[in-house]
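Asker: Coordinates for the following, if possible.
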Amino acid sequence: MNRFPFWVRKTIRISKEYEETRQILEKYKIDTVCVHARCPNIYECFGKKYASFMILGSVCTRSCRFCSVNHNVDTFPVDPEEPERIAQATVELGLKYVVITSPTRDDLADGGAKHFADCIRAVRRKNPEIKIEPLIPDFKGNIKNLMIVLEAEPDIVSHNLETVPSLYGFVRPEANYNTSLDILRHAKKCGFLIKSGIMVGLGETFDEVVAVMNDLRGIGCDFFVIGQYLKSAPENLDVKEFIRPEVFEKYKQIGERMGFRMVFSGVFCRSSYMAELAIIR
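Answerer: This is a model prediction of the structure:
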């Protein structure tokens with residue numbers, strides 16, 4: 001499916017603020033998921049002096065078939081100076097809310113958990129009023145590694161289920177739906193606000209999406225994100241279906257009735273897109 005319907009088109013504007021954001025990120029040698037995941041919202045977000053930081057390099061040890069981040073067993077070494085650069089960039093960008101994510105680093109004994117914690121603490125020291133949302137990998141279900149991140153006291157703990165259980169073997173062959181759910185469940189039991197999201201348009205059914213929403217509410221998930229999957233690299237999966245705006249609205253209404261604090265549902269909704277709205281609720 002190659003032709004985009006009219007509702008899956010986004011205007012691109014390269015503003016002065018976009019260039020300023022790009023220059024600040026370049027100055028501090030910061031990777032962003034905005035760039036590496038080829039997010040369609042990058043021009044809008046950079047134009048608002050907002051970016052989602054990607055720590056621990058730009059190479060992932062897994063090979064999810066929807067993602068345009070580079071995949072390889074040869075990864076970047078952990079950069080001990082990165083937390084301070086991240087912290088300084090939040091100040092220079094004037095951020096009041098920041099999402100910090102990473103590629104999955106199965107090559108590291110702690111999955112990168114300590115580095116997440118170091119970044120959270122560094123940002124907090126430099127920018128005490130900022131709200132911090134780590135968008136974490138599954139740490140292979142290792143709760144000790146999760147606790148390293150939680151002990152740094154983020155404001156919201158985010159981890160994406162990405163798709164419905166029936167598509168995991170096809171879309172996320174090295175991940176496990178229940179493992180991801182358990183990571184979120186444990187963070188909630190520890191008293192944190194939790195957030196998760198999925199993509200649609202990969203071949204899932206409406207009822208499967210609602211079932212995922214039920215699973216998340218069953219563990220107390222606070223915030224839910226659902227957006228259209230868009231193919232961002234030639235080797236990625238093809239789009240099976242472009243979901244109409246009225247279907248996204250229906251998901252939003254269902255989620256709100258279920259009791260989510262906030263449901264971000266729309267074609268261009270992504271985990272970090274307008275993420276700062278969640279903490280206001």
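
Asker: And the strands in this protein?
Answerer: Using DSSP state E, the strands of the chain run over 31-32, 53-54, 59-60, 70-71, 97-101, 131-135, 156-158, 193-200, 223-228, 262-265.

Asker: Which elements pack onto the fourth one?
Answerer: Right, strand 70-71. strand 59-60 (3 or more CB pairs under 8 Å, 6 or more residues apart in numbering; DSSP states H and E). The way it works is simple: take the backbone N, C-alpha and C, and place the C-beta from them, glycine included.

Asker: neighbouring strands for the strand it packs on, and are they parallel or not?
Answerer: Using DSSP bridges, strand 59-60 pairs in its sheet with strand 70-71 (parallel).

Asker: that older thread, show me the one of the strands of the chain that comes nearest D182.
Answerer: Closest to D182 of the strands of the chain, according to CB to CB: strand 193-200, at 11.9 Å.

Asker: could you dump the strands of the chain to JSON lines with distance to R185?
Answerer: Formatted as JSON lines, the strands of the chain follow (distance: least, CB to CB, whole Å):
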{"stretch": "strand 31-32", "distance to R185": "29"}
{"stretch": "strand 53-54", "distance to R185": "25"}
{"stretch": "strand 59-60", "distance to R185": "24"}
{"stretch": "strand 70-71", "distance to R185": "28"}
{"stretch": "strand 97-101", "distance to R185": "20"}
{"stretch": "strand 131-135", "distance to R185": "17"}
{"stretch": "strand 156-158", "distance to R185": "11"}
{"stretch": "strand 193-200", "distance to R185": "8"}
{"stretch": "strand 223-228", "distance to R185": "15"}
{"stretch": "strand 262-265", "distance to R185": "19"}
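
Asker: mean pLDDT lowest for which of the ones you listed?
Answerer: Out of these, strand 70-71 stands lowest, with a mean of 76 (criterion: mean pLDDT).

Asker: which one of the strands of the chain lies closest to R85?
Answerer: Using CB to CB, these put strand 53-54 closest to R85, at 9.5 Å.

Asker: helices or strands next to the closest one in the packing?
Answerer: Counting by 3+ CB pairs under 8 Å, 6+ apart, strand 53-54 packs on strand 31-32, helix 33-36, strand 97-101.

Asker: got the contact list for it?
Answerer: The contact list for strand 53-54 (CB atoms under 8 Å, 6 or more residues apart in numbering) reads 30-33, 36, 86, 89, 98-103, 119.

Asker: For E44, list the residues it contacts.
Answerer: E44 neighbours (CB under 8 Å, 6+ apart): K10, R13.

Asker: Model confidence score at A175, please.
Answerer: 92.

Asker: Could you do M274 as well?
Answerer: pLDDT, M274: 67.

Asker: same deal with the one 4 residues further on?
Answerer: Confidence per residue is given as pLDDT, and for A278 that number is 67.

Asker: what's the answer for T90, then?
Answerer: On the pLDDT scale, T90 gets 94.

Asker: I figured it was touching E129, is that so?
Answerer: No. Counting by CB atoms under 8 Å, T90 stays clear of E129, with 10.6 Å between them.

Asker: Give me the more crowded residue out of those two.
Answerer: In terms of neighbours (other CB atoms under 10 Å), T90 is the more surrounded of T90 and E129; the figures are 24 against 6.

Asker: List the residues that contact the residue nearest to that one when sequence neighbours are not counted.
Answerer: Nearest residue to T90, sequence neighbours excluded (CB to CB, 6 or more residues apart in numbering): N127, at 5.0 Å. By CB under 8 Å, 6+ apart, the contact set of N127 is A87, T90, V91, L95.

Asker: on that earlier part again, and of the strands of the chain, who's closest to M147?
Answerer: Of all the strands of the chain, it is strand 156-158 that lies closest to M147, at 11.3 Å by CB to CB.
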